[in-house]
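> below is the sequence, then the predicted model.
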Amino acid sequence: MNRLLGTVAVTLLFATPALAQQSPYDTNPTPQERAQTNQLNTDAAAEARTPPAAAHRWYVLYGYDDRRSIDRMDGSDLMGLRVITQNGAHIGHIRGVDADGQGRIVRVRVATGEQTAAWIDADDLRYNPATGAVLTDLSKGEVDGLPHTGL
């Protein structure tokens with residue numbers, strides 16, 4: 001029994017240096033690694049401050065270059081235009097626009113009934129100059145579920 005314990009003790013004594021190897025994660029980074037990490041953090045922070053690209057939601061319009069964002073259009077050009085879903089369902093007509101401090105349209109007020117209107121974000125709308133209509137990537141049910149106001 002003593003011989004067995006002695007063998008275990010000797011084995012552990014010689015195995016300890018192998019078990020105590022330094023982890024690659026507890027070393028100090030090189031200046032190049034620090035610079036790269038700082039750049040990655042800076043890029044990630046800038047991306048987080050940037051609004052998401054609305055174009056990603058418009059993948060179904062790939063190849064249709066005639067549809068364009070409404071955010072840079074003149075608000076008076078949008079007034080009265082009909083708003084339809086991508087499958088052609090009628091939503092309503094534009095009755096107002098809301099722009100930011102730089103004049104960029106951020107949302108439009110769409111008359112959805114005789115006495116009601118819904119505000120729809122500009123990112124959810126695309127203008128088709130060929131038809132003169134504004135398309136939305138929202139369904140009629142989603143628009144109906146938006147908060148509505150009186151006209």
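Cool, the structure landed. Residues are numbered from 1 along each chain as shown.

> use CA for all of it now, contacts and neighbours both
Fine.

> can you tell me the SS state at the residue lying closest to Met79 once chain neighbours are set aside?
Closest residue to Met79 apart from its sequence neighbours, by Cα to Cα, 6 or more residues apart in numbering: Ile94 at 5.3 Å. The three-state assignment at Ile94 reads strand, by DSSP: H, G, I helix; E, B strand; the rest coil.

> list the contacts for Ile94?
Leu78, Met79, Gly80, Leu81, Arg82, Val83, Val108, Arg109, Val110, Ala111 (Cα atoms under 8 Å, 6 or more residues apart in numbering).

> recalculate using a threshold of 7 Å.
Leu78, Met79, Gly80, Leu81, Arg82, Val108, Arg109, Val110, Ala111 (Cα atoms under 7 Å, 6 or more residues apart in numbering).

> ok, and the most crowded of these?
Val110 (27 neighbours; other Cα atoms under 10 Å).

> that older thread, export the contacts of Ile94 to TSV and append columns for distance to Trp119 and secondary structure.
Converted to TSV, these look like this (distance: Cα to Cα, whole Å; DSSP: H, G, I helix; E, B strand; the rest coil):
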residue	distance to Trp119	secondary structure
Leu78	14	helix
Met79	14	coil
Gly80	14	coil
Leu81	14	coil
Arg82	14	strand
Val108	5	strand
Arg109	4	strand
Val110	6	strand
Ala111	9	strand
